[in-house]
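Colleague: Make a model of this:
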Amino acid sequence: QVQLVESGGGLVQPGGSLRLSCAASGETLGVYTIGWFRQAPGKEREGLSCIGNFGENAAYADSVEGRFAISRDYAKNTVYLQMDNLKSEDTAIYYCAAGASTLYCSIVESQYNAWGQGTQVTVSS
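Modeller: So this is what the prediction gives:
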């Protein structure tokens, strides 16, 4: 099973930006569909974005459409989540996940079977 590691979280002011990274060791991420999810305290995990393994198809939740962007760097074996115009309600632990290859990805949690340990994002002034 692919091992995923997220990084790039931290504390940022409202309106600021962060870029999260999802890296894998020992395997190429290019053969997997990759999704980003988050879980805030007391809330269920929420699907945010995904990218198909051909890197051309992406999907976003309404809550982040227009503010977040997912991308792949095949050379660095990394998937990124660029987060702009961050809001206090974006505060959560962010996870990346890998699922079976698909041309058209889905941000449904059940489609993913390998998860990273998460990275904390805190948006606060």
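
Colleague: and the spatially most central residue of the chain, what does it touch?
Modeller: For the chain, residue 36 is the residue whose C-alpha lies nearest the centre (Cα atoms, centre = their mean; 2.5 Å). Taking Cβ atoms under 8 Å, 6 or more residues apart in numbering, we find residue 36 in contact with 20, 22, 47-50, 68, 70, 81, 94-97. No exception for glycine: its C-beta is placed from N, CA and C like everyone else's.

Colleague: Let's see that with 10 Å instead.
Modeller: Residue 36 makes contact with 6, 20, 22, 46-51, 60-61, 64, 68, 70, 79-81, 83, 94-97, 107, 116, according to Cβ atoms under 10 Å, 6 or more residues apart in numbering.

Colleague: same check, this time on residue 101
Modeller: For residue 101, the contacting residues are 30, 31, 32, 33, 52, 53, 54, by Cβ under 10 Å, 6+ apart.

Colleague: Now, the residues you listed that are in helices?
Modeller: Using DSSP state H to define helices, no part of the contacts of residue 101 is located there.

Colleague: Just the buried ones from those residues?
Modeller: 30, 32, 33, 52, 53 (16 or more other Cβ atoms under 10 Å).

Colleague: So residue 56: helix, strand or coil?
Modeller: Per DSSP: H, G, I helix; E, B strand; the rest coil, the local secondary structure of residue 56 is coil.

Colleague: That one and residue 9, how far apart?
Modeller: Per Cβ to Cβ, to the nearest Å, residue 56 is found 27 Å from residue 9.

Colleague: So for these two, which sits in the more crowded spot?
Modeller: Higher neighbour count among residue 56 and residue 9: residue 9, with 18 against 10, using other Cβ atoms under 10 Å.

Colleague: That one touches residue 117, doesn't it?
Modeller: No - here residue 9 does not reach residue 117: they are 11.1 Å apart, not a contact under Cβ atoms under 10 Å.

Colleague: re earlier: residue 89: which of the buried ones among the contacts of residue 101 is nearest?
Modeller: Using Cβ to Cβ, residue 33 comes nearest to residue 89 of the buried ones among the contacts of residue 101, at 26.4 Å.
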